[in-house]
Each structure stands twice: as C-alpha cells, then as structure tokens.
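J.: Make a model of this:
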Amino acid sequence: MTGPSVQLYETATGLVNSSGGVILTFNGPRLNRTWQGTVSILGAPVSQVFTLSVGAQAFGMVYAPGPCGPYQMLLGQPLSLVATSGLPVGTTVTAILSGVDDPSERATPYTGPTAVTAAAVATPAGSP
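T.: Residues are numbered from 1 along each chain as shown. Okay, here's the model as predicted:
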C-alpha cells in the first residue's frame, strides 16, 4: 500500500558562489510516489533567470520569484534550478516546491494548490 495523497512542501537552499550562480535541487519522491507542484524562488532579484530541469529533461527558463509550473517528478527525477550569474555573491537563495505528493506513479493531472507571490509597488507622492 502506498498511502494517501498528502500536501507537498519542500525547500531547497543554496549559497550564491563567487560567480554569482547557485544550484537548487529537490531530490524527488520516494518509491511509488509522484510529486506535482509549482516552484517559487525567494532571495533572488525579481526576473532573475534560472534554468529548470526535471531528471535529464530541460524545461527551459523560469524567472524569480515565480511561481512557475506545475511540474511532475517521479522516482529518480530530481528537479534542479540553476542560475549561472547575476546573483549577489554570498546571498542565500531558497526555492519552494508546493503541491501534492500522490500515491503511485500514475498520478492524475495536477489541480492542487499553487504558491502565490505578490509584490506591491509604491509611487512616491507627487510622481506622475
């Protein structure tokens, strides 16, 4: 028996290297489980470019803070986010994978919760 579907909330944290890059990796689900969810990136400048891949399959570019997705991961398929430059050296960057951990490797299409990011932009008084 593989158990019921449960809420998925995983984090991956990395320290920005001397080149301004970082790699954030989620190792993926255990045997007979499927992870489905969205990714948000915290601590990176807005619109910072990350390359996203699941297992050996590159999915393209995503932009901080997100959210982006949904993505699906099976056993042996890590999800990786890679920024090669542009981040402040020594900064800690955290990615959040939020969604559902399904029982089986025949998951249904993802319709679960998504991570939502909002930003407020203020205009100084008297500005056009």
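
J.: Contacts only, for Tyr9.
T.: Ile96, Leu97, Ser98 (CB atoms under 8 Å, 6 or more residues apart in numbering). Where C-beta positions appear, they are placed from N, C-alpha and C, glycine not excepted.

J.: Derive a ChimeraX selection command for the buried subset of those residues.
T.: Command for ChimeraX, covering only those of the contacts of Tyr9 found buried under the criterion 16 or more other CB atoms under 10 Å:
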select :96,97,98
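
J.: wait, which of the contacts of Tyr9 is closest to Leu15?
T.: Relative to Leu15, the closest of those is Ile96; by CB to CB it sits at 17.0 Å.

J.: Can you check what pLDDT the model gives that closest one?
T.: According to the prediction, Ile96 has pLDDT 96.

J.: Could you do Gly69 as well?
T.: 89.

J.: Nearest to Thr51, out of the contacts of Tyr9: which one, please.
T.: For the contacts of Tyr9, the nearest to Thr51 is Leu97 (16.2 Å; CB to CB).

J.: just checking, that closest one touches Ile41?
T.: No - look at Leu97 against Ile41 with CB atoms under 8 Å: they stay out of range, at 10.6 Å.

J.: low-confidence ranges in the chain?
T.: In the predicted model of the chain, residues 1-2, 105-128 satisfy pLDDT under 70.

J.: Enumerate every residue touching the residue nearest to Gly28 when sequence neighbours are not counted.
T.: Nearest residue to Gly28, sequence neighbours excluded (CB to CB, 6 or more residues apart in numbering): Met73, at 4.6 Å. Residues in contact with Met73, defined by CB under 8 Å, 6+ apart, are Phe26, Gly28, Pro29, Thr34, Trp35, Gln36, Val54, Gly55, Leu79.

J.: Alright, that wraps it up for me.
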